[in-house]
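1. One predicted model, sequence on top.
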Amino acid sequence: MKSMKTLFVIAALAVSSLAMAEGGSDRVFARMEAARQNSMEAYQVAQKQGTQSPVAESKAKGDDHANC
């Protein structure tokens, strides 16, 4: 009987910890979605203005393969 009580307590703690963790992921997902929306809006404005800057630019990378 004691082993059944122990298993019940362990199961109850495991289920409650999973329920608590679920709420945190919802907040993270909401922040990620908001950041995606902001970046898409900025990208669309940049496309309309015709100013597209490169993500990364390195002159050294082009010089490395100049002799190939």
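-> On my side now, so go ahead. Numbers count the residues shown, from 1 in each chain.

2. average pLDDT for whichever helix in the chain runs longest?
-> In the chain, with assignment by DSSP state H, the single longest helix is helix 2-49. The pLDDT scores in helix 2-49 average 83.

3. helices or strands up against that helix?
-> Helices and strands touching helix 2-49, as assessed by 3 or more CB pairs under 8 Å, 6 or more residues apart in numbering; DSSP states H and E, are absent. Just so you know, the C-beta spots here come from the backbone N, C-alpha and C atoms, and that holds for glycine as well.

4. if I look at Met40, how far off is Ala30?
-> According to CB to CB, to the nearest Å, Met40 stands 16 Å off from Ala30.

5. Next: Met1.
-> 45 Å.

6. okay, those two: which has more neighbours?
-> Taking other CB atoms under 10 Å, Met1 and Ala30 do not tie; Ala30 has more neighbours (10 against 5).

7. how close does the more buried one sit to Gln37?
-> Ala30 sits 11 Å away from Gln37, going by CB to CB.

8. now do Arg31
-> Going from Arg31 to Gln37 by CB to CB gives 11 Å.

9. now Phe8
-> Phe8 sits at a distance of 45 Å from Gln37 (criterion: CB to CB).

10. Please put the alpha-carbon coordinates of stretch 31-43 into PDB.
-> C-alpha atoms of stretch 31-43 as PDB (Å, rounded to 0.1, in the frame of the first residue of the first chain):
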ATOM      1  CA  ARG A  31       7.300  36.700 -28.200                       C
ATOM      2  CA  MET A  32       8.800  34.800 -31.100                       C
ATOM      3  CA  GLU A  33       5.700  35.500 -33.200                       C
ATOM      4  CA  ALA A  34       5.800  39.200 -32.300                       C
ATOM      5  CA  ALA A  35       9.500  39.400 -33.300                       C
ATOM      6  CA  ARG A  36       8.700  37.700 -36.600                       C
ATOM      7  CA  GLN A  37       5.900  40.100 -37.300                       C
ATOM      8  CA  ASN A  38       8.100  43.100 -36.600                       C
ATOM      9  CA  SER A  39      10.900  41.800 -38.800                       C
ATOM     10  CA  MET A  40       8.500  41.100 -41.700                       C
ATOM     11  CA  GLU A  41       7.100  44.600 -41.500                       C
ATOM     12  CA  ALA A  42      10.600  46.100 -41.500                       C
ATOM     13  CA  TYR A  43      11.500  43.900 -44.500                       C
END
